[in-house]
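J.: Okay, predicted coordinates and the sequence, questions at the end:
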Amino acid sequence: MGHSHSHTDESTLTRPELRRRKAMRRRAVVLLSWILVPLAVLTVVAMVVMWPGADTAPEPAGNPYTAAPGASIDTGTVQRTSTEDCALTDSGGAGTSCFIAFTEVKGLAEVPVLISPDIVQAGGVQAGDTISYLNLSGLAAITGADHAGPTYVFMDFVRTVPMGLLAALYALVVVAVARWRGLRAMVGLVGAFGVLAWFILPALAQGQSPLGVALVGSSAIMFGVLYFAHGFSARTSTALLGTLFGLGVTAGLAAWAVDAAALTGTSGHNAYQLLNMTQGMSLSGMILCGLVISGLGVLNDVTITQSSAVWEMYELAPHTSTKELFTSAMRVGRDHIASTVYTIAFAYAGSALPVLLMVSLFDQPLLGALTGVELAEEIVRILVGSIGLVLAIPVTTAVAVAVVKATGGHRAAAPAKTGAKPETPEATGPASGPHADVTVDATAGS
């Protein structure tokens with residue numbers, strides 16, 4: 001006895017079933033629209049209202065890398081390095097050793113650039129490196145006094161070429177593997193950084209509500225990135241709804257945690273400079289905004305993946321009940337939660353490794369080290385981001401299951417011959433049809 005595929009088109013449905021299925025689709029789309037469209041409008045209106053104005057912007061500070069009159073910042077390629085007497089560079093008396101990088105500048109004679117001890121300790125400068133250095137050779141002509149000290153002082157490495165090659169390789173790999181969707185994701189990333197640069201940072205500098213700036217800016221980024229990279233669909237809308245829910249939870253927890261844990265933001269070496277440049281911007285508010293923004297990428301990752309998992313499971317096993325579909329998807333979600341929590345923790349641990357190393361060298365109790373000013377912000381960031389992420393997964397899964405059931409409906413099997421009744425899972429049994437094993441596997445435990 002022959003059996004047809006359980007995945008059939010709508011031509012096999014009766015008219016009442018077809019009308020019911022279309023009505024369910026419309027209701028699901030309308031319900032998502034009722035939620036997301038007002039949120040999108042509210043986000044746009046809030047951005048317009050909170051958009052930083054030029055008249056209230058802080059006065060731009062001078063370029064910290066601009067040299068004083070009579071001095072210049074030059075770049076060149078290191079030809080050779082050696083340890084020389086410091087008297088050669090006017091940086092010390094005879095008998096004192098200095099590490100010198102003899103650097104060629106635009107085909108001119110080599111100049112002896114003094115390399116600081118910390119750079120030497122970190123690996124030093126090698127022949128062939130392109131460096132920038134402070135040239136003080138013209139200072140005497142401006143001041144009228146002889147310059148005391150080294151004439152050429154190392155400032156930094158010029159990293160344009162290696163970083164450019166790495167960025168090009170990244171773009172090539174993403175486009176080669178993800179193709180058009182990968183290209184759209186990169187364009188969306190550029191737009192996200194545009195929101196960060198033109199809205200979030202200037203609004204914070206002008207003293208606007210950090211919580212409001214974080215919510216509005218992050219929501220705008222998620223609306224743009226998700227729809228641009230993944231297209232307009234019920235699947236994307238479901239992921240967006242879960243993302244916005246997780247974003248709201250993260251923002252609420254961040255607002256409470258910053259106050260309860262007394263995260264003042266004054267521990268960084270740039271804190272007081274920021275206060276002077278922004279005329280009293282709230283440093284704790286900046287920490288709050290950072291807590292919300294730092295979790296956006298991972299939150300978006302888990303919600304779009306979870307939404308896609310629900311759709312794929314339904315496509316493989318369209319007769320699965322709502323409860324079974326939710327249960328199966330949550331098995332995937334729990335695995336994702338476990339791996340993502342590790343991802344967040346190790347990502348922050350890696351970025352804070354110098355601080356962790358410094359704290360580990362101090363003789364102090366573990367609890368005191370973990371709750372001290374050096375690590376408290378990073379730990380709160382991990383905890384707040386993880387809670388918002390974990391809670392977003394069951395919400396996204398529930399919404400995705402409801403939407404996929406509404407938009408897909410129950411897919412009846414095509415009759416084996418004219419006049420035969422449609423097959424059902426009970427009628428065919430677990431071993432019937434070419435997709436029976438897929439249906440069983442999709443609903444089984446992972």
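T.: Yes, it's here.
J.: Just the CA atoms of stretch 312-320, as PDB, please.
T.: What follows is stretch 312-320, C-alpha atoms only, in PDB (Å, rounded to 0.1, in the frame of the first residue of the first chain):
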ATOM      1  CA  GLU A 312      12.400  23.600  11.900                       C
ATOM      2  CA  MET A 313      10.900  21.100  14.400                       C
ATOM      3  CA  TYR A 314       7.400  21.900  13.100                       C
ATOM      4  CA  GLU A 315       8.400  21.400   9.500                       C
ATOM      5  CA  LEU A 316       9.900  18.000  10.300                       C
ATOM      6  CA  ALA A 317       6.900  16.900  12.500                       C
ATOM      7  CA  PRO A 318       3.800  19.000  11.600                       C
ATOM      8  CA  HIS A 319       1.500  16.700  13.600                       C
ATOM      9  CA  THR A 320       3.300  17.300  16.900                       C
END
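J.: Which positions within that stretch qualify as buried?
T.: Buried residues in stretch 312-320, counted by 16 or more other Cβ atoms under 10 Å: Met313, Tyr314, Leu316, Ala317, Pro318, His319, Thr320. All C-beta spots, glycine's among them, are computed from the backbone N, C-alpha and C.
J.: Of those, which is the nearest to Trp51?
T.: Tyr314 (41.7 Å; Cβ to Cβ).
J.: so that closest one touches Phe326, yeah?
T.: No: if you go by Cβ atoms under 8 Å, Tyr314 and Phe326 don't touch, sitting 11.0 Å apart.
J.: returning to that earlier point: in helices only, show me the buried residues of stretch 312-320.
T.: The helices, defined by DSSP state H, take in Met313, Tyr314, Leu316 from the buried residues of stretch 312-320.
J.: The second one and Glu104, how far apart?
T.: Just to be clear, that refers to Tyr314. According to Cβ to Cβ, to the nearest Å, Tyr314 and Glu104 sit 65 Å apart.
J.: ditto for Ile221
T.: 45 Å.
J.: Same drill for these two, tell me which one is more crowded.
T.: Higher neighbour count among Ile221 and Glu104: Ile221, with 26 against 14, using other Cβ atoms under 10 Å.
J.: May I have the secondary structure class of that one?
T.: Secondary structure assignment for Ile221 (DSSP: H, G, I helix; E, B strand; the rest coil): helix.
J.: pLDDT of the host helix or strand of Trp34, averaged?
T.: Here Trp34, judged by DSSP states H and E, is contained in helix 15-50. Mean per-residue pLDDT for helix 15-50: 79.
J.: Likewise for stretch 333-350?
T.: For stretch 333-350, the per-residue pLDDT averages 81.
J.: which residues of the protein score low on pLDDT?
T.: 1-26, 28, 54-68, 87-95, 107-108, 140-149, 266-272, 279-280, 408-446 (pLDDT under 70).
J.: Spatially central residue in it, please.
T.: Gly297 (3.6 Å; Cα atoms, centre = their mean).
J.: what element comes up after the longest strand anywhere in the chain heading to the C-terminus?
T.: When the chain is parsed with DSSP state E, its longest strand is strand 72-85. Next along the chain after strand 72-85, taking DSSP H and E as the criterion, comes strand 97-104.
J.: circling back: right, and the pair among the buried residues of stretch 312-320 with maximum separation?
T.: Met313 and His319 (11.7 Å).
J.: and Ser360, how far is that from Ala352?
T.: 12 Å.
J.: Looking at the two now, which is surrounded by more residues?
T.: Higher neighbour count among Ser360 and Ala352: Ala352, with 18 against 10, using other Cβ under 10 Å.
J.: which non-adjacent residue is nearest that one?
T.: Nearest in space to Ala352, with sequence neighbours left out and distances taken as Cβ to Cβ, 6 or more residues apart in numbering, is Glu378 at 4.9 Å.
J.: check contacts around the one you found.
T.: Contacts for Glu378 (Cβ atoms under 8 Å, 6 or more residues apart in numbering) come out as Tyr348, Ala349, Ser351, Ala352, Val355.
J.: Please, which helix or strand holds the nearest residue in space to Val355 that is not next to it in sequence?
T.: Spatial nearest neighbour of Val355, chain neighbours left out: Glu374 (5.2 Å); criterion: Cβ to Cβ, 6+ apart. Taking DSSP H and E as the definition, one finds Glu374 inside helix 373-408.
J.: tell me which residues in that helix are buried?
T.: Here helix 373-408 shows 374-408 as buried, counting by 16+ other Cβ under 10 Å.
J.: Same check on stretch 233-250?
T.: Using 16+ other Cβ under 10 Å as the burial criterion, the residues of stretch 233-250 that qualify are 234-250.
J.: With stretch 191-211 instead?
T.: 192, 195, 199-211.
J.: Done for today, thanks.
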